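Visitor: Task: produce atomic coordinates for the following.
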Amino acid sequence: MTLETVEEHRSHGGVQGVYRHASTSTGTEMTFSVFVPEHAEGARLPVLWFLSGLTCTHANVTEKGEYRAACAEHGVIFVAPDTSPRGEDVPDHEAYDFGQGAGFYVDATQEPWAKHFQMRHYVEQELPALLAQHFPVDMDRQGITGHSMGGHGALTIGLRNADRFRSVSAFSPIVSPLNCPWGEKALGGYLGTDRETWREYDACALIEDGARIDGLLVDQGTGDNFLEDQLKTELLVAACESAGIPGEIRMQPGYDHSYYFISTFLAEHVAWHAERLKR
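Guide: From the prediction side, this is the model:
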């Protein structure tokens, strides 16, 4: 699998890069970023995936996330994929919450989306294989986190692949797309009207259906204007309590949905993942 280097920069002793490749999953070029901390020659490092939210690309967290110092301290590679396929030949929608920039980390089954919008396969299969080929990663030590739509992606991918991800966290996640307008629009559009097919893309439904992880860290701002209608953190609290999943779900007073919030706590998440990835 060929990889093109878009840019690389020295940072905190390591290298922050942006890379591009031709994706077989989406049928488009895909761009992602990777931070590799300084390490001994031949060493293989744990990896933390960060999945971004609606309208975002790899660049949002790369430029605003403030994670590199923590990754350098703990020896963790940080990977940020894009949120959807893009391009003139890729279908789109006039709304910000559907189409390009809003892939919802699903494998679409409905036209015209099915040809390109295969983000689940891209994140779960194709990009990890590419990462293992080109970067010094230890694929037996993976963690995953994300924000908003990406928090939904992190939770659902982590729950479906508990044997692969040792640690799962999220910022302001959409915890139950079955029960919010963003989810109704996205899952209905990409997957069709059969709501049973949506359950594998809903963290609360996955837990209800038997998916389990060893622990969970979630940060949610109380000043988030999407909290009541879209995010509904209380549903995840109830699901974890019912299933006996030890979830540390923290309501952070006054914080909103922005990267001012994420950047405040992202280093803590890196450290939390690092502790679990060293085991």
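Visitor: tell me the average confidence for whichever helix in the chain runs longest?
Guide: Taking DSSP state H as the criterion, the chain has its longest helix at helix 259-277. For helix 259-277, mean pLDDT rounds to 98.
Visitor: Equivalent analysis for stretch 209-228, please.
Guide: 97.
Visitor: Between its first and last residues, how far does that stretch reach?
Guide: By C-alpha to C-alpha, to the nearest Å, the extent of stretch 209-228 from end to end equals 24 Å.
Visitor: Helices of the protein, residue ranges please.
Guide: So, for the chain - with DSSP H - the helices run 58-64, 68-74, 119-121, 127-134, 149-160, 181-191, 203-208, 233-243, 259-277.
Visitor: And those: which comes nearest Gly215?
Guide: Checking these against Gly215 by C-beta to C-beta gives helix 259-277 as the closest, at 7.6 Å. For the C-beta atoms, the positions are set from N, CA and C on the backbone; glycine is no exception.
Visitor: got the CA positions of the closest one in PDB?
Guide: Below are the C-alpha coordinates for helix 259-277, written out as PDB (Å, rounded to 0.1, in the frame of the first residue of the first chain):
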ATOM      1  CA  TYR A 259     -11.700  22.200  21.000                       C
ATOM      2  CA  TYR A 260     -11.200  24.500  24.000                       C
ATOM      3  CA  PHE A 261     -12.900  21.700  25.900                       C
ATOM      4  CA  ILE A 262     -11.100  18.800  24.200                       C
ATOM      5  CA  SER A 263      -7.700  20.400  24.500                       C
ATOM      6  CA  THR A 264      -8.200  20.900  28.200                       C
ATOM      7  CA  PHE A 265      -8.600  17.200  28.900                       C
ATOM      8  CA  LEU A 266      -7.000  15.400  25.900                       C
ATOM      9  CA  ALA A 267      -3.600  15.000  27.700                       C
ATOM     10  CA  GLU A 268      -5.400  13.300  30.600                       C
ATOM     11  CA  HIS A 269      -7.000  10.900  28.100                       C
ATOM     12  CA  VAL A 270      -3.600  10.100  26.600                       C
ATOM     13  CA  ALA A 271      -2.200   9.300  30.000                       C
ATOM     14  CA  TRP A 272      -5.300   7.200  30.900                       C
ATOM     15  CA  HIS A 273      -4.900   5.200  27.700                       C
ATOM     16  CA  ALA A 274      -1.100   4.900  28.100                       C
ATOM     17  CA  GLU A 275      -1.500   3.300  31.500                       C
ATOM     18  CA  ARG A 276      -3.800   0.600  30.000                       C
ATOM     19  CA  LEU A 277      -1.700   0.200  26.900                       C
END
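Visitor: Bridged to Glu8, which residues?
Guide: Per DSSP bridges, the residues bridged to Glu8 are Gly17.
Visitor: dump the residue contacts of it.
Guide: By C-beta atoms under 8 Å, 6 or more residues apart in numbering, the contact list for Glu8 reads Val15, Gln16, Gly17, Val18.
Visitor: what does Ala132 give?
Guide: Taking C-beta under 8 Å, 6+ apart as the contact definition, Ala132 lies against Met139.
Visitor: which one of the helices of the chain is the most hemmed in?
Guide: helix 149-160 (a mean of 28; mean count of other C-beta atoms under 10 Å).
Visitor: tell me the angle of that one relative to helix 181-191?
Guide: Angle of helix 149-160 versus helix 181-191, following axes from the mean of the first three to the mean of the last three C-alpha atoms, to 10 degrees, is 60 degrees.
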